[in-house]
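here's my sequence, what's the structure:
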Amino acid sequence: MAKLSGLIGAGKIGTPDKSIVDAMPEAPTVSPAQNSLSDQQEVRMLESSIALDSSVMQTVELPISSIRPSPYQVRALADDEYIESLMNSIVSSGVISPIIVRKIPAGEYEVIAGHHRVEASKKLGKTTITAVVKKMSDSEAACALTSDNFIRKELSDYEKYKHAKLLKENGFCRSMRDLGSVLGVSRQLIGFLLAFDEYPVGAKDILEKNPTIIGATTANEVKDLAKSHPDIFTEALEQLANGKIKQNQIRKWVEDHFKQTNLRTALRHDVKITRPELGVTVKLAFTAKEAKIQCEGLDIEALKALLEANLDKLIKKVAT
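Residues are numbered from 1 along each chain as shown. Got it, this is the predicted structure:
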């Protein structure tokens, strides 16, 4: 049986009682066509991380309408294909293992493990679902859910960062050691994951849609570029997401484009022409090969006509 790292801090979770764990039924065999961890295995792994106490848990049939997703769940639900396969499994065999929830105010319940089963049951039109209800603090709930997600192995490093950030910002883990203990990884990896904190908003928006494009090691290696050249760095991640560059090419791409930007800036000239009687200011920005004009109320057709009529004066003859 998989064992998760002990949870720490105010919401410490101990080792499960051996007699209770041994009494658990073995999880059914998962075919290669199924997800790498079945929902039954998900429950067993989470249960193995939490001290089971019969005085604080009960199995009940809950109305699905009373169940809410966890605010500590940073993973997106699996794709439609997986949800559909889970629906087929529920139709043929039912929900074999109960979901795990905790009670929250207003008579509602928050999912700790089983978000996919809840979603599949909703799509099937089910009105109730079997659940194990546990008394858990916010800290225990967040740490248990995060540990469960980490052990599933499908998380990208960016998604792992989001979990670590959530635990840190909510005060559930106060140090790198605490984070490493809860997540079952080294403090060095935690440091690499937190490098994503240095990324500009635009870059994080790209990673929200493409969380697998960059790993923690590379993220840490290029965080200086994210801070010093945020706009160009964001462009680089866009190139990475579109498959035009690779992770190990990010630094060169940013540095090359930074040099080009500096060169364009050095050759650029800015001119302002003010006409008080018209109440306007014309702004010109130009290099040897391009020009940009800004002005309120600009008549584009008139400008075009003036340019066409005066090209011989405006443009030097190009040598042939």
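
separation between residue 311 and residue 305?
11 Å (C-beta to C-beta, to the nearest Å). C-beta coordinates here come from the backbone N, C-alpha and C atoms, glycine included.

check residue 160 too.
Counting by C-beta to C-beta, the gap from residue 160 to residue 305 is 60 Å.

ok, residue 297 next?
Distance, residue 297 to residue 305, using C-beta to C-beta: 16 Å.

the residue lying closest to residue 101 once chain neighbours are set aside: neighbouring residues, count only.
Leaving aside its sequence neighbours, residue 101 sits nearest to residue 109 (C-beta to C-beta, 6 or more residues apart in numbering; 4.1 Å). Look at residue 109: counted by other C-beta atoms under 10 Å, it has 21 neighbours.

show me which of residue 297 and residue 305 is the more surrounded one.
The residue with more neighbours, out of residue 297 and residue 305, is residue 305; 11 against 7, by other C-beta under 10 Å.

hang on, that one is in a helix, isn't it?
Yes - per DSSP: H, G, I helix; E, B strand; the rest coil, residue 305 lies within a helix segment.

same for the host helix or strand of residue 231, what does it pack against?
Here residue 231 sits within helix 230-241, counting by DSSP states H and E. Packing partners of helix 230-241 (3 or more C-beta pairs under 8 Å, 6 or more residues apart in numbering; DSSP states H and E): helix 201-209, helix 223-228, helix 250-267.

in that helix, what's buried?
Neighbour-count burial for helix 230-241, counted by 16 or more other C-beta atoms under 10 Å, picks out 230, 232-241.

now stretch 307-315
Across stretch 307-315, burial judged by 16+ other C-beta under 10 Å covers no residue at all.

what's the end-to-end length of it?
End-to-end distance for stretch 307-315, by C-alpha to C-alpha, to the nearest Å: 10 Å.

chain center to that stretch: distance?
Relative to its chain's centre, stretch 307-315 lies at 53 Å (C-alpha atoms, centre = their mean, to the nearest Å).

what pLDDT, on average, does that stretch get?
Regarding stretch 307-315, the rounded mean pLDDT is 83.

what lies in contact with stretch 189-201?
Contacts of stretch 189-201 with the rest of the structure, by C-beta atoms under 8 Å, 6 or more residues apart in numbering, involve 157-158, 160-161, 164-165, 168, 176, 179-180, 183, 204, 207, 216-217, 219-220, 223, 226-227, 230-231, 233-234.

and these, which are buried?
Neighbour counting by 16+ other C-beta under 10 Å classes 157-158, 160-161, 164-165, 168, 176, 179-180, 183, 204, 207, 216, 219-220, 223, 226, 230, 233-234 among those as buried.

going along the chain, name the strands of the chain.
57-63, 67-68, 99-104, 108-113, 128-134, 269-275, 280-286, 291-294 (DSSP state E).

how about CSV for those strands, with distance to residue 245 and mean pLDDT added?
Output for the strands of the chain, formatted as CSV (distance: least, C-beta to C-beta, whole Å; pLDDT from 0 to 100):
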stretch, distance to residue 245, mean pLDDT
strand 57-63, 49, 80
strand 67-68, 41, 91
strand 99-104, 42, 88
strand 108-113, 38, 89
strand 128-134, 46, 89
strand 269-275, 32, 79
strand 280-286, 29, 81
strand 291-294, 28, 84
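
output these in TSV, with distance to residue 256 appended to each entry.
Output for the strands of the chain, formatted as TSV (distance: least, C-beta to C-beta, whole Å):
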stretch	distance to residue 256
strand 57-63	57
strand 67-68	49
strand 99-104	51
strand 108-113	47
strand 128-134	54
strand 269-275	24
strand 280-286	23
strand 291-294	24
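
what's the closest of those strands to residue 91?
Nearest to residue 91, of all those, is strand 128-134, at 14.1 Å by C-beta to C-beta.

and that closest one with strand 99-104, angle?
Interaxial angle, strand 128-134 versus strand 99-104 (axes from the mean of the first three to the mean of the last three C-alpha atoms, to 10 degrees): 70 degrees.

which strands and helices sit next to strand 128-134?
Under the contact definition 3+ C-beta pairs under 8 Å, 6+ apart, strand 128-134 sits against strand 57-63, strand 99-104, strand 108-113, helix 115-123.

packing partners of the third one?
Counting contacts by 3+ C-beta pairs under 8 Å, 6+ apart, strand 108-113 packs against helix 39-49, strand 67-68, strand 99-104, strand 128-134, helix 138-151.

return the most buried member of the ones you listed.
Comparing the helices and strands packed on strand 108-113 by mean neighbour count (mean count of other C-beta atoms under 10 Å), helix 138-151 ranks first with a mean of 24.

residue 292: neighbour count?
Residues near residue 292, counting by other C-beta under 10 Å, number 11.
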